[in-house]
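> Based on what follows, work out the 3D shape:
(4 chains)
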There are 2 protein chains.
Amino acid sequence: MKYSKATNYALHTMLYLAVTSPKQRVGVQPMAEKLEVSPTYLSKILTQLVKAGMIESSPGAGGGYKLPSNWEEISFLDIIHAIEGPVSMFDGCLNHNPGCLIQRVMDDAEGKMEEELKQQKISDLAEKAPSVL
Amino acid sequence: MKYSKATNYALHTMLYLAVTSPKQRVGVQPMAEKLEVSPTYLSKILTQLVKAGMIESSPGAGGGYKLPSNWEEISFLDIIHAIEGPVSMFDGCLNHNPGCLIQRVMDDAEGKMEEELKQQKISDLAEKAPSVL
DNA sequence: CTATTAAGGAGTTATAATGTCTATAATATA
DNA sequence: TATATTATAGACATTATAACTCCTTAATAG
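Numbering: from 1, shown residues only, chains lettered A, B, ... in the order given. As a prediction, the model looks like this:
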């Protein structure tokens, strides 16, 4: 019951981009250095973010990653879903019981958390603490 | 980012005890059958619940498990913590930064979920649907 | 004393997360 | 056009954790 490191890296990368260069492109290396991860591994995570529309990429010399035009709307929940997938944290319906009350309680609780994560935008954080990653 | 099966079994066991026998003792076998788990594995989980004070046990013939006197106060959160431990879902403080804003957001969101899970008591569920497990 | 039941330890298996290596594709610049 | 640079992709290796089994020990009722 823990969020993966990949999610952690994804969130930090998004904040990095929001702080340092909302418009300019950045390659993997500087970010991997900052986060102390191998560039190849971070690359995998960034590709996932691209596919989910969280960032945009361009190959070749002078290429790299940048935030999309709607970046100020991107929430924590968006990023987390991009990495962890949209699945429920709890699939506990034993006995093949579709109306499982335990499942309902767990889903409700997860909903509360997601509500909060949806309201928290990366852009807010970037404003609040430009220097802190 | 998923709750373990162990947590799933623990919740169902607690509900089982709350529904079928708030006072009478029950052995592992009937519960393991109902949940379609091996008795030995369920036994491990039950031992964890005993140590956390969620249930009481007595060995020997006629022994088994039963709910404690304060069972109506036991919440989902109590049970989950008994199995998953009390640790945070997110430890994302890279760069050894103690004031990490991402960590704060994640902790806040987790707090919302825990708030909900703390309010949900097993006893409520037992009343609502005595027959459904 | 014996049957019954929980507790504990050590180990195995399965699955997922984490990370690496290599090759390929696309782009800018000289 | 040629070359350097950068992202993408697939296969693979490693590690960590969950899930589960087996065997032994301890406690209790009858």
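> quick check, the longest helix seen in chain A touching DNA strand D?
Longest helix in chain A, counting residues (DSSP state H): helix A:101-119. No: Helix A:101-119 lies out of reach of DNA strand D by CB under 7 Å from any atom of the strand, never closer than 14.5 Å. The C-beta positions use only the backbone N, C-alpha and C, and glycine is treated the same way.
> how many degrees apart are that helix and helix B:101-119 in direction?
The directions of helix A:101-119 and helix B:101-119 differ by 150 degrees, with axes from the mean of the first three to the mean of the last three CA atoms, to 10 degrees as the criterion.
> is helix A:101-119 anywhere near chain B?
Yes: using CB under 8 Å from any CB of the partner chain, helix A:101-119 reaches chain B at A:101-102, A:105-106, A:108-110, A:112-117.
> can you give me how far that helix is from the chain middle?
Centroid separation for helix A:101-119 versus its chain: 18 Å, with CA atoms, centre = their mean, to the nearest Å.
> what's the next secondary structure element after it?
Where DSSP states H and E defines the elements, the next helix or strand beyond helix A:101-119 is helix A:122-128.
> thinking again about what came up before, of the residues of helix A:101-119 next to chain B, closest to A:N70?
Nearest to A:N70 among the residues of helix A:101-119 next to chain B is A:L117, at 17.7 Å by CB to CB.
> Number of residues surrounding that closest one?
21 (other CB atoms under 10 Å in any protein chain shown).
> same deal with A:T7?
Around A:T7 there are 22 residues (other CB under 10 Å).
> counting contacts, what elements does the helix or strand it falls within pack onto?
Secondary structure from DSSP H and E places A:T7 in helix A:5-20. Judged by 3 or more CB pairs under 8 Å, 6 or more residues apart in numbering or on different chains; DSSP states H and E, the packing partners of helix A:5-20 are helix A:28-35, helix A:39-51, helix A:76-84, helix A:122-128, helix B:101-119.
> Now mean pLDDT too, for those, in CSV please.
CSV is the format used below for those (pLDDT from 0 to 100):
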stretch, mean pLDDT
helix A:28-35, 95
helix A:39-51, 98
helix A:76-84, 98
helix A:122-128, 92
helix B:101-119, 97
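> Spell out which residues of chain A are next to DNA strand C.
Going by CB under 7 Å from any atom of the strand, the residues of chain A near DNA strand C are A:4-6, A:37-38, A:40-41, A:44, A:58-63.
> again, 6 Å this time
Residues of chain A found near DNA strand C (CB under 6 Å from any atom of the strand) are A:4-6, A:37-38, A:40-41, A:58-62.
> Identify the farthest-apart pair in the residues you listed.
Applying CB to CB across these, the maximum distance is between A:S4 and A:A61, 32.4 Å.
> more neighbours, the two?
A:S4 (14 against 4).
> And the residue nearest to the spatial centre of chain A, how far from chain B?
For chain A, A:I79 is the residue whose C-alpha lies nearest the centre (CA atoms, centre = their mean; 2.4 Å). For A:I79, the distance to chain B equals 10 Å [CB to the nearest CB, to the nearest Å].
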